[in-house]
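Participant: Have a look; sequence and predicted model below, questions after that.
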Amino acid sequence: MVDGPILVLAATGGQGGAVTDALLERGAPVRALVRDPDDGRARELAGRGVEVVAGSLGDADSLAAAMRGTAGVFAFTTPFEAGVEAEVGQGQAILSAAARERVGHLVFSSVAGADQDSGVPHFESKARVEAELTGGDVPYTILGPTYFFDNALGGAERLRDGVLDLPLPPDRPLQQLARPDLGAFAARVLLDPGPYVGRRVELASDAPTPLGMAAALGAALGQEVRHERVPLTAIGNPDMRAMWTFLNGPGYRVDIPALHAAHPEVRWTRFADWAHDTWSS
């Protein structure tokens with residue numbers, strides 16, 4: 001067992017929550033950094049035995065206090081609240097705090113494709129954080145999640161109307177990841193860092209096509225779901241338009257068979273199973 005708690009940043013969010021769940025399943029002590037300890041999700045974590053501390057991803061002092069005495073840190077940054085420059089600032093605050101506290105191992109959740117000169121703003125901001133991390137003195141592992149299965153939930157109303165909107169050709173595979181699979185992999189890295197220190201590992205659970213996704217969602221919902229290809233020109237957000245342009249072009253490059261063969265202990269959820277578990281009544 002690790003010597004000290006594992007700190008999970010943004011522990012009430014999707015990624016942090018998945019990592020926290022996986023660590024608790026393995027009996028590891030967890031410290032969670034949250035903005036508001038009185039938030040319902042934070043109180044739920046406390047009720048599960050998690051040590052909850054207040055702090056902000058952009059505040060190096062609160063991050064350093066939270067990192068003190070930890071065995072490892074799961075770090076996450078986001079551009080979706082204040083933009084890509086704010087995300088880089090979060091990364092710099094995290095790395096400054098980790099260096100100050102001499103953190104023994106920092107696992108940074110970036111994004112698959114951040115090392116491909118993608119032209120996607122929120123990939124490039126993570127690439128800038130990665131560059132500072134790899135150029136520093138803190139022992140690290142970088143994880144690169146692909147597109148998450150549960151992004152489909154953003155179009156739940158359209159799915160119930162029988163339409164899956166995706167800006168991809170119907171037969172173009174899209175590498176995707178189940179959040180619990182990210183959590184399981186990250187927990188393994190945090191609890192047994194030796195084989196992973198200094199590495200960058202991209203993660204994907206499955207690579208269904210839009211047609212395959214529509215079929216799986218339709219089976220789960222008990223109705224026909226058809227894929228509708230959204231034109232790239234119809235995507236108003238420049239960052240999202242750049243991402244879908246990338247995914248229509250070079251796209252993610254995870255060697256899924258090799259990844260899964262090397263890590264059989266992870267469940268590696270199929271999209272169809274996720275759809276069934278998520279949507280079936």
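Facilitator: Sure thing, it's come through.
Participant: the longest helix in this structure is where?
Facilitator: If you go by DSSP state H, the chain has its longest helix at helix 84-100.
Participant: Now do that helix: which elements does it pack against?
Facilitator: helix 60-67, strand 72-76, strand 106-109, helix 121-134 (3 or more Cβ pairs under 8 Å, 6 or more residues apart in numbering; DSSP states H and E). Just so you know, the C-beta spots here come from the backbone N, C-alpha and C atoms, and that holds for glycine as well.
Participant: where are the low-confidence patches of this protein?
Facilitator: Applying pLDDT under 70 to the chain flags the ranges 1-2, 281.
Participant: quick one, helices of it?
Facilitator: Ranges of helices in the chain, per DSSP H, are 14-25, 40-47, 60-67, 84-100, 121-134, 156-160, 179-191, 210-221, 238-248, 256-262, 271-279.
Participant: Between the ones you listed, which one is closest to H227.
Facilitator: helix 210-221 (4.1 Å; Cβ to Cβ).
Participant: got the buried residues for the closest one?
Facilitator: For helix 210-221, the neighbour count (16 or more other Cβ atoms under 10 Å) marks 210, 212-221 as buried.
Participant: same deal with stretch 229-246?
Facilitator: So, applying 16+ other Cβ under 10 Å, buried residues of stretch 229-246: 235, 239, 241-244, 246.
Participant: Out of those, flag the one nearest to V53.
Facilitator: Ranked by distance to V53 (Cβ to Cβ), the buried residues of stretch 229-246 are led by D239 at 31.2 Å.
Participant: so what's that closest one up against?
Facilitator: Shown in contact with D239 (Cβ atoms under 8 Å, 6 or more residues apart in numbering): 79, 84, 120-122.
Participant: repeat that with 6 Å
Facilitator: Residues counted as contacts of D239 (Cβ atoms under 6 Å, 6 or more residues apart in numbering) are 121-122.
Participant: For G162, see how far away it is.
Facilitator: D239 sits 29 Å away from G162, going by Cβ to Cβ, to the nearest Å.
Participant: quick one: Y147 and Q176 touch, right?
Facilitator: Yes: here Y147 reaches Q176: they are 4.7 Å apart, a contact under Cβ atoms under 6 Å.
Participant: Between these two, tell me which one has more neighbours.
Facilitator: Between Y147 and Q176, counted using other Cβ atoms under 10 Å, Q176 has the larger neighbour count: 26 against 19.
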